[in-house]
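> Fold the stuff below for me.
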Amino acid sequence: MSAPFDHPLFDSDGTIYMGSRRNPEGCDVGLFGVPYDGTTSFRPGTRFGPAAIRDVSTGLETYCPQLNLDLEDLAIADLGAVEIPFGAPEPVLEAVHQATRVVLDLGLKPLMLGGEHSISSGAVAAVAEHHPDLVLVQLDAHADLRDDWLGSRHSHACAMRRCLEVLPSQTLLQLSIRSGTRDEFQELHQSGRLIPDVAALDEALRPLKGRPIYLTVDLDWFDPAVLPGTGTPEPGGYAWSDFAALVGVLAPHQLVAADVVELAPQLDPTGVSAVLASKVTRSLLLLLGQAEPAAAQ
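Okay, here's the model as predicted:
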């Protein structure tokens, strides 16, 4: 058994994601959790998401037939949970920023498990420091472009607005957004950032081939009939087959970091939402860990 990861920013107690180890030495991908839901605006509980994703992961196979890749053939470290303070989001975002920098300085590609979507800007800021030409791809039901919500500029409803402020390239592709204010949708259309479907994302990414990509997955992108365990469900969403198509689009590109956020497992007593989130996590670990991007189909 490998030695635990010992760093003051991380708590390495608890369940480990299948196929991974605690010691980052020789690894390519660094998984970590951020159990925070302090700005939740509807139904709380996403702080339990990272642990639930890990807990159910052993119910999945390590092998993905779509990618023909196996977690057992990759070097993945599960570094545990970021030690975060209770309360206001600003110190949490700084902790996420510092923790992501630690992962990058270890030579690992970060995969962050949330928690709520507000945490993404801290990770994006750190990754953009390493990759100034970073492309950010957002899967989400909501635009998340408010400047503030319920008095907070770091609410999960402001996640992409804060990400844009730390993204030097300003290249943000927002896939299949279906909920937001009139002003948000006007901005989406005028900016050209709204991508209607996975096929259109394929077209949008072709001229960006070779640039590093950060994928942020808000799980409410999926339809509530598929994934009810999220704090802000929005009818009209997507199925696993749509996500599988997205994986196929991303496979030939340079995915350098990702996050999976907004799982509230206690809202789904069947446990299926956690299983789907864990399978999303497996796909992203495999994409991040592959030695070279797959050849385009």
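> What segments of the stretch 1-150 of the chain are helices?
Taking DSSP state H, counting those that start in this stretch as the criterion, the stretch 1-150 of the chain carries its helices at 49-57, 89-105, 120-130.
> for stretch 258-278, how far is the first residue from the last?
One end of stretch 258-278 sits 14 Å from the other (CA to CA, to the nearest Å).
> got the buried residues for it?
Neighbour-count burial for stretch 258-278, counted by 16 or more other CB atoms under 10 Å, picks out 258-268, 273-278. Heads up, the C-betas are built off the backbone N, CA and C, glycines and all.
> Inside strands: which ones of those residues?
When DSSP state E is applied, the buried residues of stretch 258-278 are split such that 258-261 fall in strands.
> Leaving out the residues flanking it, which one is nearest to residue 98?
residue 9 (6.0 Å; CB to CB, 6 or more residues apart in numbering).
> What is the burial count for the one you found?
Residues lying near residue 9 (other CB atoms under 10 Å) number 19.
> wait, it sits on residue 83?
Yes: applying CB atoms under 8 Å, one finds residue 9 in contact with residue 83, separated by 5.9 Å.
> what's the overlap in contacts for the two?
residue 95 (CB atoms under 8 Å, 6 or more residues apart in numbering).
> Just the terminal-to-terminal distance for stretch 71-83.
From its first residue to its last, stretch 71-83 covers 27 Å (CA to CA).
> now stretch 55-64
Separation of the first and last residues of stretch 55-64 by CA to CA is 19 Å.
> do the same with stretch 28-45
By CA to CA, the extent of stretch 28-45 from end to end equals 30 Å.
> Just the CA atoms of stretch 106-126, as CSV, please.
Below are the C-alpha coordinates for stretch 106-126, written out as CSV (Å, rounded to 0.1, in the frame of the first residue of the first chain):
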residue,chain,number,x,y,z
LEU,A,106,3.4,17.9,-8.5
GLY,A,107,3.2,17.6,-12.3
LEU,A,108,-0.4,16.2,-12.2
LYS,A,109,-3.5,17.1,-14.2
PRO,A,110,-6.2,18.2,-11.7
LEU,A,111,-9.7,16.7,-11.4
MET,A,112,-11.7,18.4,-8.7
LEU,A,113,-14.9,16.9,-7.2
GLY,A,114,-17.4,19.3,-5.7
GLY,A,115,-19.2,20.7,-3.8
GLU,A,116,-21.0,23.5,-5.5
HIS,A,117,-20.0,25.3,-8.7
SER,A,118,-18.7,28.4,-7.0
ILE,A,119,-15.4,26.5,-6.4
SER,A,120,-14.5,26.2,-10.1
SER,A,121,-13.1,29.7,-10.4
GLY,A,122,-10.4,29.0,-7.9
ALA,A,123,-9.2,25.9,-9.9
VAL,A,124,-9.6,27.6,-13.2
ALA,A,125,-7.4,30.5,-12.0
ALA,A,126,-4.6,28.1,-11.0
